[in-house]
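**Q** Below: sequence and its predicted model.
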Amino acid sequence: MKLFNYFRSSASYRVRIALALKGLSYEYVPVHLVRAEHRAPAYAERVGDTLVPALELDDGTTLTQSMAIVEYLEETHPEPPLLPADALGRAHVRTLAQMVACDIHPINNLRVLKYLTQDLGQDEAAKTAWYRHWTRGGLQAFERQLDLLARGRETAGLPVSQLCWGDVPTLADCCLVPQIFNAQRFQVDLDGLPRTMAAWETASALPAFRAAHPSACPDSEG
């Protein structure tokens with residue numbers, strides 16, 4: 001397989017984590033977003049949305065959209081699982097994952113931030129304020145959801161979660177860790193998020209998450 005991705009892209013980071021957790025090897029193909037390499041004709045012909053990541057399978061089929069890619073990997077390489085065995089647990093994990101992938105990330109990704117500065121004439125301070133506002137609010141909602149889930153687990157007699165859900169990495173952790181990485185880059189206030197940051201810290205220490213970290217990527221720029 002080939003993974004077309006950018007080291008700082010949180011969507012790409014999610015897929016790298018999933019591949020590492022499942023022990024799947026792949027060829028790393030860098031696509032530099034800041035240099036607009038994703039808009040080059042050769043790449044645009046490969047993917048419909050000219051975004052990263054894109055995963056080229058062994059038969060040449062190309063998949064796009066990080067969540068779809070991870071779900072495909074989950075279905076075709078089910079061990080170790082990134083979703084719980086029970087339907088309710090899977091719903092909880094998908095809720096957390098989508099709070100990051102659908103609520104926080106889309107309005108804070110590079111093309112949105114560039115539009116704010118290049119097309120709407122906002123300065124760097126305004127762009128940063130935008131990022132911090134929406135990321136902080138999204139993570140506060142994530143924290144509230146973790147608190148609700150923790151109370152539900154306690155009522156059901158389940159052990160306290162060490163990660164987002166339970167004590168093994170799930171799709172939710174694959175989404176949370178990259179989001180915190182980028183939040184730290186923009187110096188978002190992460191105080192008052194004890195469950196979120198505890199899950200992030202526990203997941204970040206795992207070998208697969210370390211292997212997928214942007215600093216470990218061949219195109220890393222420090």
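**A** Ah, there it is. Quick caveat, the model's predicted, so the values are computed rather than measured.

**Q** Pull out the buried residues from the helix or strand that contains residue 196.
**A** In this structure, residue 196 sits in helix 194-204 according to DSSP states H and E. The neighbour-count criterion (16 or more other CB atoms under 10 Å) identifies 195, 196, 197, 199, 200, 202, 203 as the buried residues of helix 194-204. C-beta coordinates here come from the backbone N, C-alpha and C atoms, glycine included.

**Q** Over to stretch 52-69?
**A** Under the neighbour-count criterion of 16+ other CB under 10 Å, stretch 52-69 has 52, 53, 54, 55, 56, 63, 64, 65, 66, 67, 69 buried.

**Q** State the distance from residue 93 to residue 211.
**A** Spatial separation of residue 93 from residue 211 under the definition CB to CB, to the nearest Å is 22 Å.

**Q** Of these two, which one has the most company?
**A** Set side by side, residue 93 and residue 211 show unequal neighbour counts under other CB atoms under 10 Å, the larger going to residue 93 at 23 against 14.

**Q** sorry, back to before: could the buried residues of stretch 52-69 be laid out in JSON lines, adding secondary structure and pLDDT?
**A** Conversion of the buried residues of stretch 52-69 to JSON lines gives the following (DSSP: H, G, I helix; E, B strand; the rest coil; pLDDT from 0 to 100):
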{"residue": "52", "secondary structure": "coil", "pLDDT": "96"}
{"residue": "53", "secondary structure": "coil", "pLDDT": "97"}
{"residue": "54", "secondary structure": "strand", "pLDDT": "97"}
{"residue": "55", "secondary structure": "strand", "pLDDT": "98"}
{"residue": "56", "secondary structure": "strand", "pLDDT": "97"}
{"residue": "63", "secondary structure": "strand", "pLDDT": "97"}
{"residue": "64", "secondary structure": "strand", "pLDDT": "96"}
{"residue": "65", "secondary structure": "coil", "pLDDT": "96"}
{"residue": "66", "secondary structure": "helix", "pLDDT": "98"}
{"residue": "67", "secondary structure": "helix", "pLDDT": "98"}
{"residue": "69", "secondary structure": "helix", "pLDDT": "98"}
